Structures are given as structure tokens and as C-alpha cells.
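Engineer: 3D model of this:
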Amino acid sequence: MFYDTTYWLYALPGAILGLWAQMKLSAAYGKYSRVGIASGRSGAEAAREILDHAGLDDVPVHEVGGHLTDYYDPGKRALCLSSENFHGRSLAAVGVAAHEAGHALQHQAAYAPLSLRMAIVPVTRFASIAWIGILIAGALFAGPLFPKFILLAVAIFSITAFFQLVTLPVEFDASRRAKEQLLRLGLVQSLESEHVSKVLSAAALTYVAALVGSILELLYFLSLAQRSRN
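Structural biologist: Have a look, this model is predicted:
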């Protein structure tokens, strides 16, 4: 497909959007990771306070390696922060940590989109690999049945696109909860909250870009199936 010029008509916009989103995130995070927070809290301390205030004192906050590798593990009910955000006492570090704590609050409240995302994780992992194998098998062995293989691959790939669609409300809601708790607990001041919002909004753009890229790929494969029939 990489030799098909039509592919790039679909792929390039998504790639450009994804690159722009990553640049926005890097710029926002880089800027506000250099701005200290008035409360003096570290990311780990802010997350701990949010969790404890919600009665989630049994949810640990761990330090993990890597850059922006922060996540909440619903299976282990643990919050993991990259070293820079675990120890960092900046607006960016506290904002990211609060966002991950927001996922823990979602889990506690049985937030429906998070529950759905958790439920489809196993099938999504399978689908993210299976669709490529089916597409390759169709190209090598299917012959006149190739369009049907493409449609099967598209059907499986659509699971990953659906996962990304479900991810959007989960991420936006976690950011909303984070900003709400940061202000309610006095962890940030009003002006600081606006800067935290810029970091979290930039992070959210990466999820939007991923979804747009997946939709464009789906459209390409549908067009490829149509052209293969002719």
C-alpha cells in the first residue's frame, strides 16, 4: 500500500495532524515544566492528596521510567508517574499527575466510558495485530477474493478506531476531574489552573489526532476495496 499514491492522500493529513499535536504537547509541557507551582507540591504529592481526599488511600502512586509514561492501571489499581512528574514541582508535573488521578476517580465512580475501554482492551490488542496479517494474507494468497480480505481487515481495524473513539471522553473527563480537584483542594491557584489546562488540552489533542488518523486509514482501505472490485 505504501506504493499506492492514493494511500498518501489519506495518510499524510493524519500524519501531519499527529506531528502537530505532538509538537503542541512538547511545547506546552516543556514550557510549564519550567514553571514552579505556588503550593510547592510535587506531582506525586498532588496525586496522593487527590486520591486520599476521595478515599482512595489504598491506590499507590509509583515512579516509573521514561518521558511522559504516566498512566493509571485499573487492573492493579495503581497510579504510575514518570520520574519527572513524580518528583517535579511544576505546573506541568502536577497537572499530569492530577490527570492520572482523575482516571482513578473515574474507576471509583464506575465511569461508563472507562469501563467500556477496559472491557475492550484485550480484543483491541488482538485487532491491532490481526488486521495487518489478514491484509498481507489477502494480498499474497487471496487473488480475486482480495477485496473481501480488505473488508475483513477493515472490520477488525475498526475495533482499534472504536477504542480511540471511546478514549476521547475518558481522557477529557479525567482532565476535567483533575482541574476540579486541583482547585477544590487548593493545590493550584486560579491563574495556575489556566496554565495547567493548556498542558492537558495539548495532551488531549494527541488522542484526537490518533482518532482522525485511524478514520482516514479506514477510508483508504474502503476505497482500496472498491477499486479492487473494478
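
Engineer: for the protein, give me the ranges with low pLDDT.
Structural biologist: Within the chain, the ranges that satisfy pLDDT under 70 run 1-4, 142-143, 228-230.

Engineer: in it, which residue is most central in space?
Structural biologist: Tyr207 (4.9 Å; Cα atoms, centre = their mean).

Engineer: so who does that residue touch?
Structural biologist: Listed by Cβ atoms under 8 Å, 6 or more residues apart in numbering, the contact partners of Tyr207 are Gln164, Thr167, Leu168, Glu171. (Each C-beta comes from the backbone N, C-alpha and C, glycine too.)

Engineer: does Leu152 touch Ile134 like I think?
Structural biologist: Yes: judged on Cβ atoms under 8 Å, Leu152 makes contact with Ile134 at a distance of 5.5 Å.

Engineer: okay, and the residue nearest to the centre of the chain sits in which element?
Structural biologist: Per DSSP states H and E: Tyr207 is located in helix 190-229.

Engineer: which residues touch Gly65?
Structural biologist: Ser82, Ser83.

Engineer: name the nearest residue to Gln22, ignoring sequence neighbours.
Structural biologist: Thr206 (6.3 Å; Cβ to Cβ, 6 or more residues apart in numbering).

Engineer: kindly report the same for Ala15.
Structural biologist: Gly213 (7.0 Å).

Engineer: which residues are in contact with the one you found?
Structural biologist: Counting by Cβ under 8 Å, 6+ apart, Gly213 has contacts Ala11, Gly14, Ala15, Leu17, Gly18.

Engineer: can you tell me which of those residues are buried?
Structural biologist: Ala11, Gly14, Leu17, Gly18 (16 or more other Cβ atoms under 10 Å).

Engineer: can I get those residues in JSON lines with distance to Phe146 and secondary structure?
Structural biologist: JSON lines is the format used below for the buried ones among the contacts of Gly213 (distance: Cβ to Cβ, whole Å; DSSP: H, G, I helix; E, B strand; the rest coil):
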{"residue": "Ala11", "distance to Phe146": "20", "secondary structure": "helix"}
{"residue": "Gly14", "distance to Phe146": "24", "secondary structure": "helix"}
{"residue": "Leu17", "distance to Phe146": "30", "secondary structure": "helix"}
{"residue": "Gly18", "distance to Phe146": "29", "secondary structure": "helix"}
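
Engineer: dump those to JSON lines, plus distance to Pro147.
Structural biologist: As requested, these are exported to JSON lines (distance: Cβ to Cβ, whole Å):
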{"residue": "Ala11", "distance to Pro147": "20"}
{"residue": "Gly14", "distance to Pro147": "23"}
{"residue": "Leu17", "distance to Pro147": "29"}
{"residue": "Gly18", "distance to Pro147": "29"}
